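Colleague: Sequence plus the predicted model coming up.
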Amino acid sequence: QVHLVESGGGSVQAGGSLRLSCTVSEYSDRTACMGWFHRAPGKEREVIAVIRTGTIIVYADTVKGRFTIARENQNTVHLQMNNLKPEDTSMYYCAAGDWCSRSASNYNYWGQGTQVTVSS
């Protein structure tokens, strides 16, 4: 069974930085695209940034210029979050799927989630 293990969440003041990491237990075509979604209370999961082997990258408009996603290898992806804002506060989930898409329903596997809290 495929597992996604996340790390790096926490609390930071506005303007600070955090780095999220996610490692998948087994690489396959079904995990070729990896990345991050977030879910604010009462809302659906929304894409933050995803990346597929071969450099296809999708970013949410709200994080362009502040967040950078990078794939260390086939199994591990990092999300560098700079200049964090209070509105970035959310639960962040690692996802893996065949193709990169903004739709959460297209992903095959999900991590447990890691909380990011940004105080003003």
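Modeller: Right, received. Where do you want to start? Numbering: from 1, shown residues only.
Colleague: What residue, apart from its backbone neighbours, is nearest E44 spatially?
Modeller: In this structure, E44 finds its nearest non-sequential neighbour in A104, 7.0 Å apart by CB to CB, 6 or more residues apart in numbering. All C-beta atoms are positioned from the backbone trio N, CA, C, and that covers glycine.
Colleague: nope, L84 is what I was after
Modeller: Excluding its sequence neighbours, the residue lying closest to L84 (CB to CB, 6+ apart) is V118, at 4.6 Å.
Colleague: so is the one you found in a helix, a strand, or just coil?
Modeller: Recorded secondary structure, V118: strand (DSSP: H, G, I helix; E, B strand; the rest coil).
Colleague: quick check, A70 in a strand?
Modeller: Yes: A70 forms part of a strand when assessed by three-state DSSP.
Colleague: Touching, it and T76? I think so.
Modeller: No: A70 lies out of contact with T76 (CB atoms under 8 Å); the separation is 9.4 Å.
Colleague: quick one: the strands in this structure?
Modeller: Counting by DSSP state E, the segments of the chain that form strands are 4-7, 10-13, 18-24, 33-39, 46-52, 56-59, 67-71, 76-81, 90-97, 109-110, 114-119.
Colleague: Quickly, which of the ones you listed bottoms out on average pLDDT?
Modeller: Of all the strands of the chain, mean pLDDT reaches its minimum on strand 56-59 (a mean of 77).
Colleague: Give me the buried stretch members for that strand, please.
Modeller: Buried residues in strand 56-59, counted by 16 or more other CB atoms under 10 Å: V58, Y59.
Colleague: who does that strand touch, helix- and strand-wise?
Modeller: Where contact means 3 or more CB pairs under 8 Å, 6 or more residues apart in numbering; DSSP states H and E, strand 56-59 is packed against strand 46-52, strand 67-71.
Colleague: one more time with 7 Å
Modeller: Here strand 56-59 touches strand 46-52, going by 3 or more CB pairs under 7 Å, 6 or more residues apart in numbering; DSSP states H and E.
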